[in-house]
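In: what would the 3D arrangement of this be:
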Amino acid sequence: MELSESVQRGLQALADASSFDQSSFQALIDASHRSLLSSHGDPAVLDHPELKQIDQILLKQVHTAATTFILEAVKQNADKSTISSSLEELTFSAEKIEIFYSIYQKHKKELEHLLTSIGRRPAQINDISWRLQYHMKNGQVDKVNEPFYSISLNSEKDGCSEDINFTCTMEQLQDLVGKLKDAAKSVEKASQM
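Out: Coordinates of the predicted model:
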């Protein structure tokens, strides 16, 4: 796995037996997993008796590195050999690797579910409806007689339906249609490559 320098330094500090013995290591890895799964970001997640004697700045750096590594492992669907080799490169002992992996396995499914629920996919347009309307007059001028279009896009994201409504002039609608045609051509070209 490719990790930034700061994450590597944090993980190397976590591997250091003089800073983290087996019980404090296990407490930190468990706290890191729990903090990722906590829906409200519990600030007391690091308030564990095993972690009290550790410098708070070091503890936060190591916690950040551990959570980053965990998320990267879940994102890549890393198996035991991948995790082991990555942690061995960072001077983790075999015991600490085993502790890490057992806690990781215990929470992996929940973390996968969490990552899939985040997603970056935009809403999908399912339907469109439009209607031509006229402004007959307004408060300042007696007669306006301008046509405009009321557009309603029915979209869906994560199973929730939502309507997006807007109005536009004929020129604005022609501009929108032209841009949509350009986008459709780009998608068609990309799919042929």
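In: please, where are all the helices along the protein?
Out: 5-15, 22-37, 56-75, 80-89, 94-118, 170-192 (DSSP state H).
In: and the residue nearest in space to the middle of the chain, how far from residue 112?
Out: Nearest to the mean C-alpha position of the chain, counting by C-alpha atoms, centre = their mean, stands residue 118 at 4.8 Å. Residue 118 sits 11 Å away from residue 112 when distances are taken as C-beta to C-beta, to the nearest Å. C-betas here are computed from N, CA, C, even on glycine.
In: swap in residue 37?
Out: 11 Å.
In: what does residue 62 give?
Out: For residue 62 relative to residue 112 (C-beta to C-beta), the value is 24 Å.
In: looking at the two, which one has more neighbours?
Out: residue 62 (29 against 13; other C-beta atoms under 10 Å).
In: surely the more buried one and residue 20 touch.
Out: Yes: Residue 62 is within contact range of residue 20, at 7.5 Å (criterion: C-beta atoms under 8 Å).
In: show me whatever sits in contact with both of those two.
Out: By C-beta atoms under 8 Å, 6 or more residues apart in numbering, residue 62 and residue 20 have these common neighbours: 13, 14, 28.
In: so what's the residue count around residue 173?
Out: Look at residue 173: counted by other C-beta under 10 Å, it has 17 neighbours.
In: list the contacts for the closest residue to it other than its chain neighbours?
Out: Excluding the flanking residues, the one nearest residue 173 by C-beta to C-beta, 6 or more residues apart in numbering is residue 149, at 5.2 Å. For residue 149, the contacting residues are 130, 131, 132, 133, 167, 168, 169, 170, 173, by C-beta under 8 Å, 6+ apart.
In: so what's the first one bridging to?
Out: Beta-bridge partners recorded for residue 130 (DSSP bridges): residue 151.
In: give me the pLDDT for it.
Out: Residue 130 is assigned a predicted lDDT (pLDDT) of 93.
In: thought residue 148 was touching it, still the case?
Out: No: using C-beta under 8 Å, residue 130 is not in contact with residue 148; the gap is 10.7 Å.
In: which one of these two has more residues nearby?
Out: Neighbour count, other C-beta under 10 Å: between residue 130 and residue 148, residue 148 has more, with 16 against 12.
In: my read: that one touches residue 169, true?
Out: Yes: assessed by C-beta under 8 Å, residue 148 is found in contact with residue 169 at 5.6 Å.
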